[in-house]
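S.K.: this is a predicted model, with the sequence first.
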Amino acid sequence: MADLFAPALAATPPETAPLADRLRPRSLADVVGQEHLTGPDGAIGRMVAAGRLSSMVFWGPPGTGKTTISRLLADAVGLRFAAVSAVFSGVADLKKIFAEAREHARMGTRTLLFVDEIHRFNRAQQDGFLPYVEDGTVILVGATTENPSFELNAALLSRAQVLILNRLDAKALETLLARAEEAEGRPLPLTAEARAALVASADGDGRFLLNQAETLFSVDLPEPLDPAGLAGLLHRRVAVYDKDREGHYNLISALHKSLRGSDPQAALYYLARMLTAGEEPLYVLRRLVRFASEDVGLADPQALVQCLAAKDAYDFLGSPEGELAIVQACLYLATAPKSNAAYAAQKAAFRSAKETGSLMPPKSILNAPTRLMKDVGYGKNYAYDHDTADAFSGADYWPEEMGPQTYYAPSPRGFEAKIAERLAYWERLRRERNGG
């Protein structure tokens with residue numbers, strides 16, 4: 001019986017090798033984040049325990065261990081390992097690999113052929129694998145970041161088991177950082193907050209995380225970095241915007257603040273200052289359109305409509321007649337109820353999206369146009385809201401690892417007061433239908 005904890009046969013990388021290579025797992029038991037596959041009850045764990053592998057396709061994000069697991073699989077069951085990348089290889093390369101695999105098979109050694117980026121081979125090239133998979137010349141292990149249902153031939157899929165690798169969660173990424181610190185013999189020069197930011201920035205990619213850690217180990221820092229310092233070190237700073245026209249920016253700032261403060265008189269003054277000084281009217285209109293979404297939002301949904309109508313009117317009339325439409329839009333914004341709820345919601349949602357990266361939505365709300373997607377649970381138990389009481393199912397649409405969040409909090413002003421009532425009504429129904 002194959003030993004899941006047997007060491008890999010590959011030589012230990014030299015000290016000069018990149019950190020990610022030096023920390024590659026030496027056995028399947030060392031692989032992090034994929035225990036649903038490598039554990040005793042997982043598909044890989046069962047195959048290794050039985051000492052027999054079937055052809056398979058690894059589907060998952062970058063940096064989750066597809067290449068590493070393939071190498072370790074070959075070692076675990078005593079197969080010869082051969083690798084090819086669909087990016088750099090063609091038909092001639094494949095013919096040579098298959099010929100070598102047949103020669104080794106005659107001598108009693110089977111070959112595990114790892115094909116990286118297998119989805120990049122065209123349909124005819126994918127069909128070329130079939131006879132060698134069927135006669136046992138190779139055990140095919142393909143790796144792809146794309147949906148196999150769309151990118152791989154049905155004939156090839158029917159001969160291979162699709163195994164889904166998860167993006168690495170925070171626990172797995174922390175394990176990698178701990179291994180990096182052990183290998184380097186010192187802790188990362190980060191505060192606790194910066195360390196959390198580093199883990200979040202990896203978006204589940206272990207290789208990216210280790211490359212970032214290697215950069216941090218390579219610099220001499222007088223004290224641990226905070227999140228701002230980390231961002232400054234690992235990312236190029238955005239170029240400073242040209243401020244030669246300071247009066248231009250002062251006036252547009254004054255106009256924006258006057259509108260936000262609901263002072264139509266001051267807003268008109270600064271608008272007039274800009275237009276009489278020769279400011280481009282379309283620039284002013286762009287700023288008004290932005291204000292309509294940022295500072296009025298759904299408190300008065302007509303604000304955005306009014307600004308776009310003013311833009312159309314100015315395009316149609318030109319100066320000076322069209323400038324009256326700009327004045328009208330300015331007065332509408334200044335006298336409209338104010339809310340930055342949509343703006344705040346955008347900021348919060350975008351920040352959350354960057355922090356959580358590529359979390360999988362619940363499978364129940366994913367479409368399942370292929371048999372494979374149905375088999376792995378896509379679309380299962382989806383509640384079609386129009387078929388439920390009040391056209392509201394109260395289902396949970398959030399990733400399991402994240403849970404429900406609140407980004408948009410409508411103000412009690414204008415139309416948003418009605419929206420707040422509607423949201424409260426739906427929340428009450430949601431609690432009732434989910435047992436309180």
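M.R.: Good, I have the coordinates.

S.K.: list the contacts of the most centrally placed residue in the chain.
M.R.: Computing the C-alpha centroid of the chain and ranking residues by C-alpha atoms, centre = their mean puts residue 358 first, at 3.4 Å. Residues near residue 358 by C-beta atoms under 8 Å, 6 or more residues apart in numbering: 61, 167, 203-204. In short, each C-beta sits where N, CA and C put it, glycine included.

S.K.: rebuild these as CSV, extending it with neighbour count and distance to residue 303.
M.R.: Shown next, in CSV, are the contacts of residue 358 (neighbours: other C-beta atoms under 10 Å; distance: C-beta to C-beta, whole Å):
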residue, neighbour count, distance to residue 303
61, 17, 41
167, 22, 40
203, 20, 36
204, 25, 40
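
S.K.: max-length helix in the protein?
M.R.: Scanning the chain for the helix with the most residues, using DSSP state H, yields helix 415-433.

S.K.: centre of the chain versus that helix, how much separation?
M.R.: When distances are taken as C-alpha atoms, centre = their mean, to the nearest Å, helix 415-433 is centred 30 Å away from the chain's centroid.

S.K.: the residue nearest to the centre of the chain: which element?
M.R.: Under the criterion DSSP states H and E, no helix or strand holds residue 358.

S.K.: now it, nearest residue through space, not along the chain?
M.R.: Counting by C-beta to C-beta, 6 or more residues apart in numbering, residue 167 is the residue found nearest to residue 358 once chain neighbours are left out, at 5.3 Å.

S.K.: how about the one you found, secondary structure?
M.R.: coil (DSSP: H, G, I helix; E, B strand; the rest coil).

S.K.: need the contact partners of the helix or strand hosting residue 334.
M.R.: Residue 334 is part of helix 323-335 when elements are defined by DSSP H and E. Helix 323-335 is contacted by residues 255, 258-259, 262-264, 267-268, 271, 275, 281, 284-285, 288, 291-292, 295-296, 302-303, 306-307, 309-310, 313-314, 317 when judged by C-beta under 8 Å, 6+ apart.

S.K.: ChimeraX command for the buried members of the residues you listed?
M.R.: To isolate the buried members of these in ChimeraX, using 16 or more other C-beta atoms under 10 Å:
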select :255,258,259,264,267,268,271,275,281,284,285,288,291,292,295,296,303,306,307,310,313,314
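
S.K.: filter the contacts of helix 323-335 down to the ones in helices?
M.R.: Checked against DSSP H, the contacts of helix 323-335 include these in helices: 255, 258-259, 264, 267-268, 271, 275, 281, 284-285, 288, 291, 302-303, 306-307, 309-310, 313-314, 317.

S.K.: my read is residue 83 is in a strand, agree?
M.R.: Yes. If the criterion is three-state DSSP, then residue 83 is within a strand.

S.K.: what count of nearby residues applies to it?
M.R.: 17 (other C-beta atoms under 10 Å).

S.K.: the nearest residue to it once chain neighbours are set aside: helix or strand, and which one exactly?
M.R.: Closest residue to residue 83 apart from its sequence neighbours, by C-beta to C-beta, 6+ apart: residue 114 at 4.4 Å. Counting by DSSP H and E, the element that carries residue 114 is strand 111-116.

S.K.: sweet, I'm off.
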